[in-house]
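A.B. asks: coordinates only, sequence not included:
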């Protein structure tokens, strides 16, 4: 009785093994990529419009737009037309109108914004005066990715609606603090990610790991800034939101700058396009500055000058600053700074004007102009 029971158990195991092997052989294996413009907007960057193809024993089939094949005698025909093949998917013969491509070996078109910027690497004389190009209120070409294939269909351009960076009153020292805030943001994100990963490896819960990430990011911000120069609590909250969405560094920086009102939106372009289907990931292009004052002067000052021109194209932004000659030729009586004054509620208009003047004078003194 015991021997028969053992044989039955072995036979059962063998039977289960055979069934599992058959299932593994028949089960679809995800391989190439496919797409379909489901909402008829001319693009394939929406959720569900791209997918991995399934590999069957007769070839690949896209899981989008699949229909069951009709049996005619011993053969199957696709209702979509003779150009589409039928494949066995979970023992059901199906076909799809969406072709499969191997993205890794196909000529996928990837575009990037030209983010070349002027940096402080010019030559100086013995007195420290700049002997190369001097630019005032220079900006930076930046971009972020809205919902699409590359972002896992999460919006990495989301505007939190909260100001994270506070504008300076015009002094060179305070402007430097704002610039420092921009570079520290990613350091905080890196620290948060490290703390989260370590907590998970140590067996802590996701909630505990998230708390560790928040604490780590807060510590980075707090040791770098006075609370009046950066909305630390808001920065951490927004950072955690983008962190949870797995947005990359350029996305986070651009979105947080834009939320603070430091960017000029130039438009949207296709960042990644498949040869079959169309655009799978778009990107939004900006010119971002280190203060709202700089942004306002660019917005209203550039139309006065023919030398600097417009902000360029979406994929090739022109975010350069003013030369000293261009800046001196601006008619500030034609530039409306009322919105800037209104936000700096802690100081009188006369005090603000005086500090802005001091800041400009500091700049000219340091650059020898």
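C.D. replies: Thanks, I have it. Since the structure is predicted, the reported quantities are computational estimates derived from the model, not experimental observations. Numbers count the residues shown, from 1 in each chain.
A.B. asks: drop to CA atoms for contacts and neighbour counts, all remaining ones
C.D. replies: Fine.
A.B. asks: please enumerate the helices of the stretch 101-250 of the chain.
C.D. replies: Counting by DSSP state H, counting those that start in this stretch, the stretch 101-250 of the chain has helices at residues 172-201, 206-224, 232-244, 249-259.
A.B. asks: lowest average pLDDT across those?
C.D. replies: For these, mean pLDDT drops lowest on helix 232-244, to a mean of 61.
A.B. asks: residue 63: neighbour count?
C.D. replies: Counted by other Cα atoms under 10 Å, the residues lying close to residue 63 total 22.
A.B. asks: that one in helix, strand or coil?
C.D. replies: The three-state label given to residue 63 by DSSP: H, G, I helix; E, B strand; the rest coil is coil.
A.B. asks: for the one helix or strand residue 325 maps to, give the mean pLDDT please.
C.D. replies: Assigned by DSSP states H and E, residue 325 belongs to helix 324-328. Averaged across helix 324-328, the pLDDT comes to 91.
A.B. asks: what does stretch 269-282 give?
C.D. replies: 84.
A.B. asks: the bottom helix or strand of the chain by mean pLDDT?
C.D. replies: Across the helices and strands of the chain, the lowest-confidence element by mean pLDDT, DSSP states H and E is helix 2-26, at a mean of 39.
A.B. asks: so what pLDDT did residue 156 get?
C.D. replies: We have a pLDDT of 86 for residue 156.
A.B. asks: surely it and residue 150 touch.
C.D. replies: No. Judged on Cα atoms under 8 Å, residue 156 makes no contact with residue 150 at a distance of 10.3 Å.
A.B. asks: for the two, indicate the residue with more neighbours.
C.D. replies: Taking other Cα under 10 Å, residue 156 and residue 150 do not tie; residue 156 has more neighbours (26 against 16).
A.B. asks: mind listing what that one touches?
C.D. replies: Residue 156 makes contacts with 144-147, 242, 245, 247, 251-252, 255, as judged by Cα atoms under 8 Å, 6 or more residues apart in numbering.
A.B. asks: can you give me the separation between it and residue 284?
C.D. replies: Residue 156 is 10 Å from residue 284, where distance means Cα to Cα, to the nearest Å.
A.B. asks: so what sits against both of the two?
C.D. replies: With contacts defined as Cα under 8 Å, 6+ apart, the residues shared by residue 156 and residue 284 are 144-146.
A.B. asks: so what are the sheet partners of whatever helix or strand residue 53 lives in and their directions?
C.D. replies: Residue 53 belongs to strand 50-56 when assigned by DSSP H and E. Note on strand 50-56: by DSSP bridges, its sheet partners are strand 29-35 (antiparallel), strand 59-61 (antiparallel).
A.B. asks: could you dump those to TSV with mean neighbour count and mean pLDDT?
C.D. replies: Listed next are the strands paired with strand 50-56 as TSV, based on neighbours: other Cα atoms under 10 Å; pLDDT from 0 to 100:
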stretch	mean neighbour count	mean pLDDT
strand 29-35	21	73
strand 59-61	23	92
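A.B. asks: so which of the ones you listed is nearest residue 327?
C.D. replies: Closest approach to residue 327 among the strands paired with strand 50-56 (Cα to Cα): strand 29-35, 50.3 Å.
A.B. asks: returning to that earlier point: neighbour-wise, which of the shared contacts of residue 156 and residue 284 leads?
C.D. replies: Neighbour counts for the shared contacts of residue 156 and residue 284 (other Cα under 10 Å) peak at residue 145, which has 30 neighbours.
A.B. asks: check what pLDDT it gets.
C.D. replies: pLDDT recorded at residue 145 is 92.
A.B. asks: pretty sure it sits against residue 286.
C.D. replies: No. Using Cα under 8 Å, residue 145 is not in contact with residue 286, being 11.6 Å away.
A.B. asks: ok, now which ones touch the closest residue in space to residue 145 that isn't next to it in sequence?
C.D. replies: Leaving aside its chain neighbours, residue 145 sits nearest to residue 283 (4.4 Å; criterion: Cα to Cα, 6 or more residues apart in numbering). If you count contacts by Cα under 8 Å, 6+ apart, residue 283 has them with 143-146, 268-271.
A.B. asks: closest one of these to residue 214?
C.D. replies: Residue 214 has its nearest neighbour among the contacts of residue 283 in residue 144, at 23.1 Å by Cα to Cα.
A.B. asks: which one is that closest one nearest to, not counting chain neighbours?
C.D. replies: residue 251 (4.3 Å).
A.B. asks: how many neighbours does the one you found have?
C.D. replies: Neighbours of residue 251 (other Cα under 10 Å): 22.
A.B. asks: what do you get for residue 207?
C.D. replies: Counted by other Cα under 10 Å, the residues lying close to residue 207 total 12.
A.B. asks: let me know the distance separating it from residue 199.
C.D. replies: Shown here: residue 207 relative to residue 199, a distance of 10 Å by Cα to Cα.
A.B. asks: quick one, domains of this structure?
C.D. replies: Annotated domains of the chain cover 23-98, 109-367 [automatic domain parsing].
A.B. asks: what about the strands in the stretch 251-369 of the chain?
C.D. replies: 263-274, 278-288 (DSSP state E, counting those that start in this stretch).
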